[in-house]
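Engineer: The sequence and its predicted three-dimensional model are supplied below.
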Amino acid sequence: MRKLAVGAAALSVVLTTSIPSIEGVHLLAAGADSRHGSCAERFDQAQRQDMESFRDYDAVAFRDVHHPDATSVFAVGVVAVGRDEIMEALAPYFEAKVAKWSWTEVTRSVQGCRTAVIVYRTLIERPGFSRHALNTVTYTYDRGRWLVVSDQGTEAGAPAAR
């Protein structure tokens, strides 16, 4: 495995898996275990787990919501391929616990129980450092769970005041 020095850069990923497109299969999978809520409810839970676990330095929960084959393209241009490499790249962030990370959802598109894409404006701050980024996160519905497969960020200026 390559050693990646990413520090507290915002997480970003590129889609690396193919997703079956047979609608009935996904709907059947979504309704197979109603004890965990609808597909849309489970997506909201997974999305919150992804964002909040990063914010709260919960590496276990963050890892759990990522597909084993996920790819991250960080705003600084570093690429991490696979969940283990992503976690290795982010280890300094989770260990240091000095950054404040916040996000604002810009847009989302959820395609049934197949795929979802959310664009966020993010801000990461630590002593002597601050970076605005625009992040696009892609999720797939895999065996009854929503998982991140792609997270890609780019540096962005501060959002305009409204």
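Structural biologist: Okay, I see it.
Engineer: where do the helices sit along the protein?
Structural biologist: 23-31, 39-55, 59-64, 83-96 (DSSP state H).
Engineer: so Ala70 sits right up against Val149, yeah?
Structural biologist: Yes: in this structure, Ala70 is within contact of Val149 by C-beta atoms under 8 Å, at 5.1 Å. Using the backbone N, CA and C atoms, a C-beta is placed for each residue, glycine as well.
Engineer: coming back round to it: the helices of the chain: lowest mean pLDDT?
Structural biologist: Taking each of the helices of the chain in turn, the one with the lowest mean pLDDT is helix 23-31, at a mean of 33.
Engineer: about what we covered before: so which of Ala70 and Val149 has more stuff around it?
Structural biologist: Ala70 (29 against 25; other C-beta atoms under 10 Å).
Engineer: got a pLDDT number for that one?
Structural biologist: 98.
Engineer: Kindly state the beta-bridge partners for Thr154.
Structural biologist: Leu134 (DSSP bridges).
Engineer: what's around it, how many residues?
Structural biologist: Thr154 has 15 nearby residues by other C-beta under 10 Å.
Engineer: Only C-alpha atoms, please: export stretch 119-136 in PDB.
Structural biologist: Provided in PDB are the C-alpha atoms of stretch 119-136 (Å, rounded to 0.1, in the frame of the first residue of the first chain):
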ATOM      1  CA  VAL A 119     -22.800  17.800  -3.800                       C
ATOM      2  CA  TYR A 120     -21.600  19.600  -0.600                       C
ATOM      3  CA  ARG A 121     -19.800  22.800   0.100                       C
ATOM      4  CA  THR A 122     -17.400  21.900   2.900                       C
ATOM      5  CA  LEU A 123     -15.100  23.900   5.200                       C
ATOM      6  CA  ILE A 124     -12.300  22.300   7.200                       C
ATOM      7  CA  GLU A 125     -10.500  24.500   9.700                       C
ATOM      8  CA  ARG A 126      -7.600  23.800  12.100                       C
ATOM      9  CA  PRO A 127      -5.200  26.100  13.700                       C
ATOM     10  CA  GLY A 128      -3.500  28.200  11.000                       C
ATOM     11  CA  PHE A 129      -5.400  26.500   8.200                       C
ATOM     12  CA  SER A 130      -8.700  26.700   6.500                       C
ATOM     13  CA  ARG A 131     -10.000  25.200   3.200                       C
ATOM     14  CA  HIS A 132     -13.300  25.500   1.400                       C
ATOM     15  CA  ALA A 133     -14.100  22.700  -1.000                       C
ATOM     16  CA  LEU A 134     -16.800  21.400  -3.200                       C
ATOM     17  CA  ASN A 135     -17.300  17.700  -2.700                       C
ATOM     18  CA  THR A 136     -19.400  15.200  -4.800                       C
END
